[in-house]
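Enquirer: model the following, please.
(2 chains)
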Amino acid sequence: MKIDQTLPLEYSTEQNRLNILGFWIFLGAEIALFGTLFASYFTLVNRTGSGPTAAEIFEIMPVIIETVLLLISSFTIGLGIHAMRLGRKRAMLIFFGSTLLLGLSFLAVEIYDFIVYIHEGATLQTSGFTAILFTLLGTHGAHIIFGLFWGLLIMYQIIKNGLTPETTNKAFIFSLYWHFLDVIWIFIFSFVFLKGMM
Amino acid sequence: MRALFPLKQVMGLICSLTLTAAALTVYFFDLSFEAGSSVLLITAFLQAIIQLTVFMHAGEGEDKKIIYTGIYYGAFVALVTVFGSLLALVWGYY
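Expert: Okay, here's the model as predicted:
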């Protein structure tokens, strides 16, 4: 295995570079996936039938809290990667741990939101609007849940094996995934919640 | 300790939070549909650019071109899907 010392550890081998490139291509496909969900959302948003409308169920406070939590978690994982490049394993683990805790808090607020919607009579089967709302938010939330487990396993490997070309590469790819979820949330925040309450 | 908080990323967070606050004006002020939508489009895409360039280091490696091509292509497919659906199914141009 040829290791190029001039590059950050996560880019140091050919395999590592290609792993990162491959993950970017996967993210391109994820953009298209969420594009289809947003297209369905904009098509169905006014098809509320006898169920509640967007303006009736959305509340601003939980949404602001979720957005701030996710923005800060995106920041902390960025700091985690920065610490990783400095070779500061402990600092990196603390930043990754904070990221996952923020992600978990985000999820808690989102689940609270879902419970509120259901109590207000908006379930998955109520109308076209509520069906696509839960599908779009749920797909994002499922990605976050998956990310929490993924992040835990990355932390476990870093603790066990230290900062090697393999573990740093995995951690960097996980950080790309996490930032991507933040980008998707920004679009949900803007075009689902704020637009719905405008 | 200072070395762990690079200025670029701290500025990135401050910009993200500012853009979020800017987007919230559509909720707290009574803007027209066009003005509100414009604010949201601008703040959302700026936030996406901050994430890509500041936090995801999209432009730092030798694969910069392929990475950006992939992301632009994904964004193109998403925009065509969204606006194509809006044109045909909502705005009634069929």
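
Enquirer: immediately after the helix or strand containing A:Leu69, which helix or strand?
Expert: Taking DSSP states H and E as the criterion, A:Leu69 maps to helix A:60-85. Per DSSP H and E, the first helix or strand lying C-terminal to helix A:60-85 is helix A:89-119.

Enquirer: run the chain-centre distance for the next helix or strand after that next one.
Expert: Toward the C-terminal end, the helix or strand that comes next after helix A:89-119 (DSSP H and E) is helix A:128-161. In terms of Cα atoms, centre = their mean, to the nearest Å, the centre of helix A:128-161 is set 7 Å apart from its chain centre.

Enquirer: specify the angle between the next helix or strand after helix A:128-161 and helix A:60-85 in degrees.
Expert: Later in the chain than helix A:128-161, the nearest helix or strand by DSSP H and E is helix A:165-188. Between helix A:165-188 and helix A:60-85, the angle comes out at 160 degrees (axes from the mean of the first three to the mean of the last three Cα atoms, to 10 degrees).

Enquirer: against which helices or strands is helix A:165-188 packed?
Expert: helix A:14-44, helix A:60-85, helix A:89-119, helix A:128-161, helix B:33-50 (3 or more Cβ pairs under 8 Å, 6 or more residues apart in numbering or on different chains; DSSP states H and E). Quick note: C-beta positions are derived from backbone N, CA and C, even for glycine.

Enquirer: near chain B at all, the second one?
Expert: Yes. Using Cβ under 8 Å from any Cβ of the partner chain as the criterion, contacts between helix A:60-85 and chain B involve A:60, A:64, A:67-68, A:71-72, A:74-75, A:77-79, A:81-83.

Enquirer: find the nearest non-adjacent residue to the residue of chain B found nearest chain A, please.
Expert: Closest approach of chain B to chain A (Cβ to the nearest Cβ) occurs at B:Ala78, with a separation of 2.7 Å. Among residues not flanking B:Ala78 along the chain, A:Gly35 sits closest, at 2.7 Å (Cβ to Cβ, 6 or more residues apart in numbering or on different chains).
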